[in-house]
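Trainee: sequence below, structure please.
(chains A and B)
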Amino acid sequence: KQEVTQIPAALSVPEGENLVLNCSFTDSAIYNLQWFRQDPGKGLTSLLLIQSSQREQTSGRLNASLDKSSGRSTLYIAASQPGDSATYLCAPHDYKLSFGAGTTVTVRA
Amino acid sequence: GAVVSQHPSRVICKSGTSVKIECRSLDFQATTMFWYRQFPKQSLMLMATSNEGSKATYEQGVEKDKFLINHASLTLSTLTVTSAHPEDSSFYICSAGTIPGGGDYGYTFGSGTRLTVV
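Mentor: Below you'll find the predicted structure:
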């Protein structure tokens, strides 16, 4: 069974700081890995999808890396803004999505 | 981009009644759909996987007779909570993908349904 761990569990930073969110997973036999954002009481919004053959993926201020062999992925958010406050979830795909507890980010204005 | 519509967003029902939640893929064919349950301040717990035209595969500990899943077409899956009780109150979310593993586009999630059983 795939186990997903996200560190830290929570993060509070002043606006403008860069964020580093870590994700580790136990089974490296994955198709790809997806990062999501969840706002309170809402569904999940896909941020980035990294295929298993890729090392990283970028979208705007977001960059995610994937080291499949070691079971790790990192999400970088540059120049954080208050609107980035949310819970971030990583989900490796091994036919089904597995989730960790997420990292709850608070960006203070 | 891919859009998944989930309805209703909120529902309150009386104990003992049944509630149906719909999940539709609006602009793509969803070969595979997943149903999740989320408790407050916890992560998503996979309940079942459904493939169009076949019976759903339930995760261990999920009662298939209580949580009926139907995936009759490539754009619609439904979750029916039968004989609901207060302990079934939760946030239910569906996700859909075109192929196992998500392919080039990954999985798209619905906006979730907040079920309250009174």
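Trainee: so which residues of chain B form strands?
Mentor: B:4-7, B:10-13, B:19-25, B:32-38, B:44-51, B:57-58, B:67-73, B:76-81, B:90-97, B:108-109, B:113-117 (DSSP state E).
Trainee: just checking: what are the partner strands of the third one?
Mentor: Which is strand B:19-25. strand B:4-7 (antiparallel), strand B:76-81 (antiparallel) (DSSP bridges).
Trainee: tilt between the longest one and strand B:67-73?
Mentor: In terms of direction (axes from the mean of the first three to the mean of the last three C-alpha atoms, to 10 degrees), strand B:76-81 departs from strand B:67-73 by 170 degrees.
Trainee: contacts for strand B:76-81, please.
Mentor: B:18-25, B:30, B:33, B:35, B:47, B:50, B:66-71, B:88, B:92, B:94, B:96, B:115 (C-beta atoms under 8 Å, 6 or more residues apart in numbering or on different chains). Where C-beta positions appear, they are placed from N, C-alpha and C, glycine not excepted.
Trainee: ditto for stretch A:77-84
Mentor: So stretch A:77-84 is contacted by A:13, A:15-19, A:21, A:61-63, A:105, A:107-109 (C-beta under 8 Å, 6+ apart).
Trainee: would you list those in CSV and tack on distance to chain B, neighbour count and pLDDT?
Mentor: Formatted as CSV, the contacts of stretch A:77-84 follow (distance: C-beta to the nearest C-beta, whole Å; neighbours: other C-beta atoms under 10 Å in any protein chain shown; pLDDT from 0 to 100):
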residue, distance to chain B, neighbour count, pLDDT
A:V13, 20, 16, 97
A:E15, 25, 13, 98
A:G16, 28, 10, 97
A:E17, 24, 14, 97
A:N18, 25, 11, 97
A:L19, 19, 19, 97
A:L21, 14, 21, 97
A:R61, 19, 14, 97
A:L62, 14, 18, 98
A:N63, 17, 15, 97
A:V105, 14, 20, 98
A:V107, 19, 20, 98
A:R108, 20, 11, 97
A:A109, 24, 7, 95
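Trainee: how many other residues sit next to B:S18?
Mentor: Residues contacting B:S18 under the criterion other C-beta atoms under 10 Å in any protein chain shown number 12.
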